[in-house]
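[1] Quick one, fold the following:
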Amino acid sequence: QVHVVESGGRLVQAGDSLTLSCAASGRSVSIVTIAWFRQVPGKERDFVAGIGWGDGSEYTADSVKGRFTISRDNTKNSVNLQMNSLKPEDTAVYYCAARARTLAVVTTGPAGYDYWGQGTQVTVSS
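    Coordinates of the predicted model:
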């Protein structure tokens, strides 16, 4: 079993920066990929960014490319999402997800992940 816990969400103003953190525990040795998704009420959960746990390969959604950066700290079993130049449309609940399967890929679909955190709210005011 793997547990992931998000932290760092809060209310910020447009143009501000914010860093979210995802801490993994439990059988973290089984993790091959960690990703961030976000969701607003009434809409699907959208992929934001993901990183390979072993090789550090990254993939970022076009909607946030150039503003958001994902990074990992294997010694701390954590992944950060650095968010710059935040916009009101970035307002959402941000979820961390871990993939614990044989194939280590950064997939953009929620079904590709096995463990989810409870989410952290990010609100960007205009």
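[2] Quick check on the residue lying closest to residue 56 once chain neighbours are set aside: phi, psi?
    Nearest residue to residue 56, sequence neighbours excluded (Cβ to Cβ, 6 or more residues apart in numbering): residue 72, at 6.2 Å. The way it works is simple: take the backbone N, C-alpha and C, and place the C-beta from them, glycine included. Main-chain dihedrals, residue 72, degrees, to the nearest 10: phi -130, psi 150.
[3] Tell me how far the residue most central in space within the chain lies from residue 126.
    Central residue of the chain (Cα atoms, centre = their mean): residue 36, 1.9 Å from the mean position. The gap separating residue 36 from residue 126 is 23 Å, by Cβ to Cβ, to the nearest Å.
[4] Kindly report the same for residue 94.
    Taking Cβ to Cβ as the measure, residue 94 and residue 126 are separated by 19 Å.
[5] So between the two, which is more surrounded?
    residue 94 (23 against 9; other Cβ atoms under 10 Å).
[6] Correct me if wrong: that one contacts residue 21.
    No - using Cβ atoms under 8 Å, residue 94 is not in contact with residue 21; the gap is 10.6 Å.
[7] can you list residues touching both of the two?
    6, 81 (Cβ atoms under 8 Å, 6 or more residues apart in numbering).
[8] beta partners for the residue nearest to residue 56?
    residue 79 (DSSP bridges).
[9] contacting residues for it?
    By Cβ under 8 Å, 6+ apart, the residues touching residue 72 are 34, 51, 53, 56, 78-80.
[10] out of those residues, who's nearest residue 12?
    Checking the contacts of residue 72 against residue 12 with Cβ to Cβ, the nearest one is residue 80 at 16.1 Å.
[11] And residue 85, how far from residue 66?
    Per Cβ to Cβ, residue 85 is found 8 Å from residue 66.
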